[in-house]
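> following is a predicted model, sequence given first.
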Amino acid sequence: MAERAVAPRLAGDGIVWLLVLAELLTFGLLFVSFAFARWREPEVFAQGQAVLSLHTGALNTLLLVAASWAAVRAVRAFEADRGDIGAHWLLVALAGAVGFLIVKSHEFVGKVQAGFDWATDAFTLLYTLLTGFHFLHVVVGAIVFALLWRKARVGVYGRDHHMGPASGAVFWHMVDLLWMVLFPLVYVVR
């Protein structure tokens, strides 16, 4: 008997993909606004970017990528009916998200202590919008990982039931992708 070929499909729920599309469009507008404003006021942007830490941005990049990798490992573990290992990888992904939040919070606090005014000029306004909005997305991602981990610990996910972790991973990959554009645009390209 011939087997029917299974059509490939996107990981995660369709609603998550609609959310991802909406978020990418929103951030895309902010990225274009940032690039346009930098083109119009290069001195203001050069001065603002000079106080940003490339090391902090690079550390945050590593934390986000590590969390993405862990999220993929979790989904693969659930697909293989290895719920205990999947729960472990979700905890690693959560640690990456929380690590990002700690590092970014430290950066924000340092800026406040140094007298950073969040809306002095076009750079500070757009920096605040982009990094603050992204920060909120990381908070949501961390909450999603925590909720998924809690359910995974009691054996909810497995080979036939892993849409939740797959959808969570899709959302997190979007958060990671946004940072992959945001970091070079805001911190590196001068």
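Right, received. Where do you want to start? Being a predicted model, the structure only gives us computed values, none of them experimental.
> ok, the closest residue to Gly155 other than its chain neighbours - how many residues close by?
Computed as CB to CB, 6 or more residues apart in numbering, the closest residue to Gly155 that is not its neighbour in sequence is Gly83, at 5.2 Å. For glycine as for every other residue, the C-beta is placed from the backbone atoms N, C-alpha and C. Per other CB atoms under 10 Å, the neighbour tally for Gly83 reads 22.
> over to Trp17?
Residues within reach of Trp17, counting by other CB under 10 Å, total 16.
> right, and the helix or strand after the host helix or strand of it?
Element membership of Trp17 [criterion: DSSP states H and E] is helix 14-40. Downstream of helix 14-40, the next assigned helix or strand under DSSP H and E is helix 42-50.
> buried residues of the helix or strand following that following helix, list them for me.
Following helix 42-50 in sequence order, the next helix or strand is helix 54-79 (DSSP H and E). Across helix 54-79, burial judged by 16 or more other CB atoms under 10 Å covers 57, 59-61, 63-64, 66-68, 70-79.
> next, His161: phi, psi?
Phi and psi for His161, reported as degrees, to the nearest 10, are phi -150, psi 80.
> and the closest residue to it other than its chain neighbours, what does it touch?
Once flanking residues are discounted, His161 sits nearest to Phe78: 7.9 Å by CB to CB, 6+ apart. Contacts for Phe78 (CB atoms under 8 Å, 6 or more residues apart in numbering) come out as 86, 152, 157-159, 161-162, 165.
> what of Ala122?
Here Ala122 is in contact with 37, 40-41, 44-45 (CB under 8 Å, 6+ apart).
> picking that back up, my guess is the residue nearest to Gly155 meets Gly158, correct?
Yes. Using CB atoms under 8 Å, Gly83 is in contact with Gly158, at 5.6 Å.
> mind checking pLDDT for the nearest residue to Gly48 once chain neighbours are set aside?
Nearest residue to Gly48 in three dimensions, chain neighbours excluded: Phe123, at 3.3 Å (CB to CB, 6+ apart). Looking at Phe123, its pLDDT stands at 93.
> next one, pLDDT for Leu94 please.
98.
> which secondary structure element contains it?
Leu94 is part of helix 83-113, with elements assigned from DSSP H and E.
> and that helix, how far out from the chain middle?
Computed by CA atoms, centre = their mean, to the nearest Å, the chain-centroid distance of helix 83-113 equals 10 Å.
> so which bits of that helix are buried?
Those buried within helix 83-113 under the rule 16+ other CB under 10 Å are 83, 85-101, 103-104, 107-108, 111.
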